[in-house]
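**Q** Dropping a prediction and its sequence here:
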Amino acid sequence: MTSTGALDAALAPTWYIESDHPAVLGFVAEHAGAGTPEERVVRLYYAVRDGFRYDPYSIRLDPRNFRATTCLEQGAGYCINKAILLAAAARAVGVPARLGFADVRNHLASPRLIELLGTDVFYWHGYTSLWLGGRWVKATPAFNIELCERFGVRPLEFDGRADSVFHEFDTGGRRHMEYIREHGDFDDLPYERLTAVMLAEYPRLFAGELPSGDFHAEAEPIRG
């Protein structure tokens with residue numbers, strides 16, 4: 001059972017989850033609309049999912065890169081950035097929100113990205129946990145619909161009631177993503193833990209100047 005104190009902690013603005021920032025409030029005013037908490041959060045989910053391109057090459061370990069307003073300014077981000085933005089937007093409409101993390105094996109990442117990472121395991125993949133209908137519901141706004149179409153993957157839908165966490169199969173029925181390990185939910189970004197894992201697991205990625213690229217251009221359906 002979740003206590004009132006726990007819900008209050010999941011509603012408070014933080015340096016990363018800037019739910020009281022004018023830019024976040026403006027984003028919410030534009031996209032949340034009226035209605036029930038579920039209806040408003042579902043609209044915000046799709047606004048984050050499809051309004052911001054998924055860009056794994058935008059990863060930077062500078063703390064400022066993880067702020068909700070940075071994702072708004074850049075118009076793109078990877079899973080953690082977009083989960084933080086959704087959490088901030090949800091808190092701004094009075095819905096408690098946390099950040100969830102898990103290690104996943106991604107079978108449809110581009111060859112270039114896999115080479116840079118040195119693995120097909122995405123450590124500390126981020127999603128958002130939302131308090132809706134008296135329970136925590138998971139939502140993953142990472143992968144925008146255009147990217148999913150290029151990869152031949154069904155986009156993740158979210159109705160505010162059921163968990164929406166991963167693309168288990170592509171449109172051809174081939175395995176796409178599997179969860180390996182859950183790290184739990186957090187009221188704020190666990191920056192030190194996250195960056196320690198990134199540096200340990202992806203030494204090639206952070207060995208020199210961070211790469212740039214167009215992940216959308218690299219994306220193509222896997223061939224059976």
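**A** Received the coordinates, thanks.

**Q** Other residues contacting stretch 70-82?
**A** With contacts defined as Cβ atoms under 8 Å, 6 or more residues apart in numbering, stretch 70-82 is touched by 23-24, 27, 48-49, 51-56, 58-59, 64-66, 84-85, 99, 122, 124-127, 140-142, 189, 194. The way it works is simple: take the backbone N, C-alpha and C, and place the C-beta from them, glycine included.

**Q** Mind checking which of those residues land in strands?
**A** Among the contacts of stretch 70-82, the subset assigned to strands under DSSP state E consists of 53-54, 99, 122, 124-127.

**Q** which stretches of the protein have low pLDDT?
**A** For the chain, the stretches with pLDDT under 70 are 1, 107-108, 166-176, 209-211, 218-224.

**Q** Kindly write the ChimeraX command that selects the buried subset of the ones in strands among the contacts of stretch 70-82.
**A** Here is the ChimeraX selection string for the buried members of the ones in strands among the contacts of stretch 70-82, based on 16 or more other Cβ atoms under 10 Å:
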select :53,54,99,122,124,125,126,127
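
**Q** residues near Asp185, how many?
**A** A count of neighbours around Asp185, defined by other Cβ atoms under 10 Å, yields 16.

**Q** Is it in a helix, a strand, or coil?
**A** Classification of Asp185 into helix, strand or coil gives strand, according to DSSP: H, G, I helix; E, B strand; the rest coil.

**Q** Mind giving me the packing neighbours of the helix or strand hosting Glu39?
**A** Mapping Glu39 onto the secondary structure by DSSP states H and E places it in helix 37-51. Where contact means 3 or more Cβ pairs under 8 Å, 6 or more residues apart in numbering; DSSP states H and E, helix 37-51 is packed against helix 22-31, helix 79-92, strand 121-132, helix 145-151.

**Q** and which of the ones in strands among the contacts of stretch 70-82 is nearest Asn106?
**A** Set against Asn106, the nearest of the ones in strands among the contacts of stretch 70-82 by Cβ to Cβ is Phe122 (5.2 Å).

**Q** From Ile180, how far off is the closest one?
**A** As defined by Cβ to Cβ, to the nearest Å, Phe122 lies at a distance of 9 Å from Ile180.

**Q** who touches both of those two?
**A** With contacts defined as Cβ under 8 Å, 6+ apart, the residues adjacent to both Phe122 and Ile180 are 103-105.
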